[in-house]
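**Q** Build the 3D model from these lines:
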Amino acid sequence: MPIQCSVEMSEHYINTDRFETEIRGVNHTEGGWPRDINPHELEQVQRYRKKVEKEESYIKSITELSGMMERFIKQNNAINIYEDYFNDNQFDMDNEEPKAKGINLMRDPNEMKRTACHLSWYPDGGRKLAVAYCNLDFQRSLPDTYTCLDSYIWDIENPNKPEFTLKPVSPLVCLEYNPKETHTLIGGCYNGQIAFWDTRKNSHPCESSPVEVSHRDPPYKVIWLHSKTGTECFSASTDGYVHWWDTRKLGKPTESLVLDLSKQENIAMAESASVLEYEPTIPTKFMVGTERGTIISCSRKAKTPADKITSVYTGHIGPIYALQRNPFFPKNFLTVADWTARIWSEDIRESSIMWTNYHQSYLTDACWSPQRPAVFFTTKLDGSLDVWDLLYKQNDPILSIKVSDKQALQCLRIQDSGQHIAVGGKNGSVNIFEFSSSLYNLQRNEKSLVTMMFERETRREKILESRHREMKLKDKQGKAEEDDAPKDEEEVDLVSKAEKEFFTLIEKEKPTHDAKEIELRTEADKDTMSEAGSEKRGDSPEVKS
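**A** Below you'll find the model as predicted:
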């Protein structure tokens, strides 16, 4: 009799609701004082403490705790639990394969999804992420019920619900944490206003700039300045202005600059700023990327606004979406526009020293690694995040992550430790990735190798630039000689023309001249014949009879 000799198994599926967690903190305040003692009065507190210290119970408890405390102090003196034994060693991760893994995903909680257009990490530890949400599609039709203008601050360990909500008067296009006061933020609104938040107070901005003195276009970049007060910042917009602000008084800009390359301060001729760059180690300099593909280097030291524009770099054929100096080599900076990413040197203005190949998809953002000078990151419209390592490859990325097939990537921001990176997309989702240690630990001799690479490429571009100038000079000289040659021909033509006119005039006058000459000859012949006849008559005179 046949018997089925197998274990019977069944497969089950079940859908469960998402478990949402909530973190609540407790604020501990000093208490337990008697009712007749006011803890805010120093004299009453000191009097009460002296009274307690004289009690026998207090002395007894101190003697009981002293033995335990002495034992713990001896343990701490024997072993330093805070000592870092491998702080000076640099890890060599050459053999480790570069990789990344997604650790979290934050979605826009609204029904109508908006673009995550700007990201900012919390300065102290990077456990929070501020995201600015805005609809950047021009004249996109929205339903009448859609009125959400909010942006959010997320806890990266709790992606289910925003930790804090920012409620601006207009959608935010940029948002930045204050590196000195971590509870304050500055944001640029779509209507051109600058708004200031203090997360200790409420969700609404503490102060906003008036519309009449704000930008006329959206300020796509706002940066905090390295100042003593920690309240100064500046912004740039496509209206052609760069404004400096003090968050203590946003009534009007403290200073303004018109991005007119002719240095006439004509706003009609000003360049439209699309991105702004500021390095705290060089507090007097800043750079502006424009929609025409030019990079403008400026200095705040100049006395007049026209002298603040020091140099201009050209090379891109489209709007610049990313501009950042290398944190290890501030003279070199990275730009992203059109279909390429380029690395520039301040010493060369006509061309970049290094660049990537032209991609099939448009590049949208880029940034340097804060821990490795040879590594930078780029995002593309096809939904991919590329990681570049100049020491390993220069033509292709060493790692390409397909973040999404359905959405284009808009922005990215890397954490100060270099271990985590946040990437914002068109549909409002923000992905957070964690890199392998080879991508954020400094490699052996990396700084010296990158220095040699940048210096070599700078020298090469200088040689090519001088050669190009020589060729231009030769072309000018050749054109000048060509221009001189037709002038000689024209002079020859004028001489031959004059000769021809001279001879035609002679030919015209020749018949009259010949006729006069014939008349003169005939008259001369007649005179000679008459003289000859008279002489003949004198030789044989007539004789009268």
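
**Q** Surely residue 309 and residue 295 touch.
**A** No. In this structure, residue 309 is not within contact of residue 295 by CB atoms under 8 Å, at 11.4 Å. In this view, the C-beta of every residue, glycine as well, is placed from N, C-alpha and C.

**Q** Name the residue in those two with the higher neighbour count.
**A** Taking other CB atoms under 10 Å, residue 309 and residue 295 do not tie; residue 295 has more neighbours (25 against 21).

**Q** what is that one paired to in the beta sheet?
**A** With DSSP bridges applied, residue 295 shows beta-bridge pairing to residue 289, residue 313.

**Q** what pLDDT does the most centrally placed residue in the chain get?
**A** With distances taken as CA atoms, centre = their mean, residue 323 lies nearest the centre of the chain, 1.9 Å away. If you check residue 323, the pLDDT there is 93.

**Q** cool, residue 529 as well?
**A** As predicted, residue 529 sits at a pLDDT of 66.

**Q** do the one 10 residues further on as well
**A** Among the per-residue scores, residue 539 holds a pLDDT of 47.

**Q** Now the residue nearest to the centre of the chain: which helix or strand?
**A** Residue 323 is part of strand 320-325 when elements are defined by DSSP states H and E.

**Q** do the same with residue 469
**A** Going by DSSP H and E, residue 469 is in helix 446-539.

**Q** rewinding a little: same for the strand holding residue 323, what does it pack against?
**A** strand 273-278, strand 285-290, strand 294-299, strand 332-337, strand 363-368 (3 or more CB pairs under 8 Å, 6 or more residues apart in numbering; DSSP states H and E).

**Q** The last one: how far from the chain's middle?
**A** Average the C-alpha atoms of strand 363-368, do the same for its chain, and the two points are 9 Å apart (CA atoms, centre = their mean, to the nearest Å).

**Q** Tell me which strands it pairs with, and in which orientation.
**A** Sheet pairing of strand 363-368 (DSSP bridges) gives strand 375-380 (antiparallel).

**Q** Within the sheet, what are the partner strands of the helix or strand following the partner strand, with directions?
**A** As assigned by DSSP H and E, the chain's next helix or strand after strand 375-380 is strand 384-389. Counting by DSSP bridges, the strands paired with strand 384-389 are strand 375-380 (antiparallel), strand 399-402 (antiparallel).

**Q** residues in contact with strand 384-389?
**A** Identification of contacts with strand 384-389 by CB atoms under 8 Å, 6 or more residues apart in numbering yields 98, 100, 341, 356, 361, 372, 374-380, 397-403, 409, 412, 421, 423, 433, 435, 439.

**Q** Quick one: work out the angle between it and strand 332-337.
**A** Angle of strand 384-389 versus strand 332-337, following axes from the mean of the first three to the mean of the last three CA atoms, to 10 degrees, is 160 degrees.

**Q** so for strand 384-389, what's the average pLDDT?
**A** Averaging pLDDT along strand 384-389 gives 93.

**Q** In CSV, list the C-alpha atoms belonging to it.
**A** Extracted in CSV, the C-alpha atoms of strand 384-389 (Å, rounded to 0.1, in the frame of the first residue of the first chain):
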residue,chain,number,x,y,z
SER,A,384,21.0,57.0,-9.0
LEU,A,385,23.6,58.0,-6.4
ASP,A,386,27.3,57.8,-7.6
VAL,A,387,30.3,57.6,-5.3
TRP,A,388,33.6,58.8,-6.9
ASP,A,389,37.1,58.0,-5.6
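
**Q** Leaving out the residues flanking it, which one is nearest to residue 153?
**A** Nearest residue to residue 153, sequence neighbours excluded (CB to CB, 6 or more residues apart in numbering): residue 164, at 4.0 Å.

**Q** What separation is there between residue 300 and residue 522?
**A** Counting by CB to CB, to the nearest Å, the gap from residue 300 to residue 522 is 103 Å.

**Q** more neighbours, the two?
**A** Legend: neighbour count by other CB under 10 Å for residue 300 and residue 522, higher for residue 300 (14 against 10).

**Q** can you count the residues close to the closest residue to the more buried one other than its chain neighbours?
**A** Nearest non-adjacent residue to residue 300, counting by CB to CB, 6+ apart: residue 284, 5.2 Å away. By the other CB under 10 Å criterion, the neighbourhood of residue 284 contains 9 residues.

**Q** same question, residue 101
**A** Neighbour number of residue 101 under other CB under 10 Å is 9.

**Q** same thing with residue 408?
**A** Residue 408 has 19 nearby residues by other CB under 10 Å.

**Q** In contact with it, which residues?
**A** Going by CB under 8 Å, 6+ apart, residue 408 touches 364, 380-383, 425-426.

**Q** surely residue 434 meets residue 422?
**A** No. Using CB under 8 Å as the test, residue 434 is too far from residue 422 to be in contact (11.0 Å).

**Q** if we can go back for a sec, check which residues of the strand holding residue 323 are buried.
**A** 320-325 (16 or more other CB atoms under 10 Å).

**Q** Dump the residues you listed into TSV; add distance to residue 122 as well.
**A** Formatted as TSV, those follow (distance: CB to CB, whole Å):
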residue	distance to residue 122
320	27
321	24
322	22
323	23
324	20
325	23
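
**Q** which two in those residues are spaced the farthest apart?
**A** By the measure CB to CB, 321 and 325 form the most distant pair in the buried residues of strand 320-325, at 16.1 Å.

**Q** coming back round to it: so what are the sheet partners of the strand holding residue 323 and their directions?
**A** When pairs are called by DSSP bridges, strand 320-325 turns out to pair with strand 332-337 (antiparallel).
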